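Chemist: Just to be clear, the model below is a prediction. Sequence and coordinates:
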Amino acid sequence: MTIKAVVWDVDDTLFDYTTADREGIRSHLAAEELLDRYGTAEQALDLWRRITDVQWARFAAGEVDFVTQRRDRTRVFLDRPELTDDEADAWFDRYLTHYESAWSLFPDVLPVLDALADSHRHAVLSNSSLTVQDRKLRVLGVHDRFEAILCAAELGVSKPAAGAFLAACEALALPPHEVAYVGDHPEIDGRGAADAGLLSVWIDRGGVYATVDPPVGPRRIASLAELPSALGGDTRFGAPSTFG
């Protein structure tokens, strides 16, 4: 089997979303003098993420548009349903300033993209929106590395459904067995890609899922330095897997 293309997840695979989200909401609440209201920064972040998941699911299902889900995230988080659209937009825009100031790629991203630039084609498949991910990849300086950028909100199907992964293969005009998918979630990315027939590579950074039984199918790596070896390519760059 020859892998000709790599399709990438974005958040917590290429982009350090967890750190940016944590630092963004902490800095924003400190600036708004709201940290004490939520107990601790971690409690505030946990609430923010739970609300985000609920409101994003509404957007992904087509129940609300992109701007409305942002406004509703703000109203629910602040417990202020009376906020006008302009007030909610202004609060969210101030949050974005803090969040975006913390954006960064993981340090192993550019080296592996460089190492695979001539040997593999590249695309993105994210359970997000092009509104978010297209701009993010441009700001991070890697947008032009990818032939195609596909997001669930526009596709109408989300990972782990096979249709999402197959849409990425179709965009590259390649069969699934010639495409690898790299993502950080063991089920949504790892098992989903494997079940769709792609070479699934699950990156478990820092052993976040160390207590989770690995799903059947994906190859597990701890760093993108291991990816070339996992793809069966030139192992002079790829580090040996730390998971054995």
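Modeler: Received, thanks.
Chemist: How is the residue of the chain positioned farthest from its centre assigned, secondary-structure-wise?
Modeler: Largest separation from the mean C-alpha position in the chain: Glu82, at 32.0 Å (Cα atoms, centre = their mean). Three-state assignment for Glu82 (DSSP: H, G, I helix; E, B strand; the rest coil): coil.
Chemist: residue ranges for the helices of this protein, please.
Modeler: Using DSSP state H, the helices of the chain run over 17-31, 41-60, 66-78, 85-101, 109-116, 130-139, 152-155, 162-172, 192-195, 227-230.
Chemist: so what's Ser128 up against?
Modeler: Contacts of Ser128 were listed using Cβ atoms under 8 Å, 6 or more residues apart in numbering, and they are Val10, Asp11, Cys151, Ala152, Ala153. Yep, even glycine has a C-beta here, placed from its N, CA and C like the rest.
Chemist: swap the cut-off to 6 Å and go again
Modeler: Residues in contact with Ser128 (Cβ atoms under 6 Å, 6 or more residues apart in numbering) are Cys151.
Chemist: Surely Ala193 touches Ala180?
Modeler: No - look at Ala193 against Ala180 with Cβ atoms under 6 Å: they stay out of range, at 8.1 Å.
Chemist: So which of those two has more stuff around it?
Modeler: More crowded of Ala193 and Ala180, by other Cβ atoms under 10 Å: Ala193, with 31 against 24.
Chemist: now the helices of the chain in TSV, with distance to Pro218 and mean pLDDT?
Modeler: Shown next, in TSV, are the helices of the chain (distance: least, Cβ to Cβ, whole Å; pLDDT from 0 to 100):
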stretch	distance to Pro218	mean pLDDT
helix 17-31	20	94
helix 41-60	23	90
helix 66-78	30	95
helix 85-101	30	97
helix 109-116	17	98
helix 130-139	22	95
helix 152-155	19	90
helix 162-172	12	98
helix 192-195	5	96
helix 227-230	10	95
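Chemist: Nearest approach to Gly217 belongs to which of the ones you listed?
Modeler: Comparing the helices of the chain against Gly217 with Cβ to Cβ, the closest turns out to be helix 192-195 (2.7 Å).
Chemist: what's that closest one in contact with?
Modeler: With Cβ under 6 Å, 6+ apart as the test, helix 192-195 has contacts from Lys159, Pro160, Phe165, Tyr181, Ser200, Gly217, Pro218.
Chemist: What's opposite the fourth one in the beta bridge?
Modeler: So the one you mean is Tyr181. Bridge pairing for Tyr181 (DSSP bridges) gives the partners Val7, Ser200.
Chemist: Contacts only, for it.
Modeler: By Cβ under 6 Å, 6+ apart, the neighbours of Tyr181 are Val7, Ala193, Leu198, Ser200.
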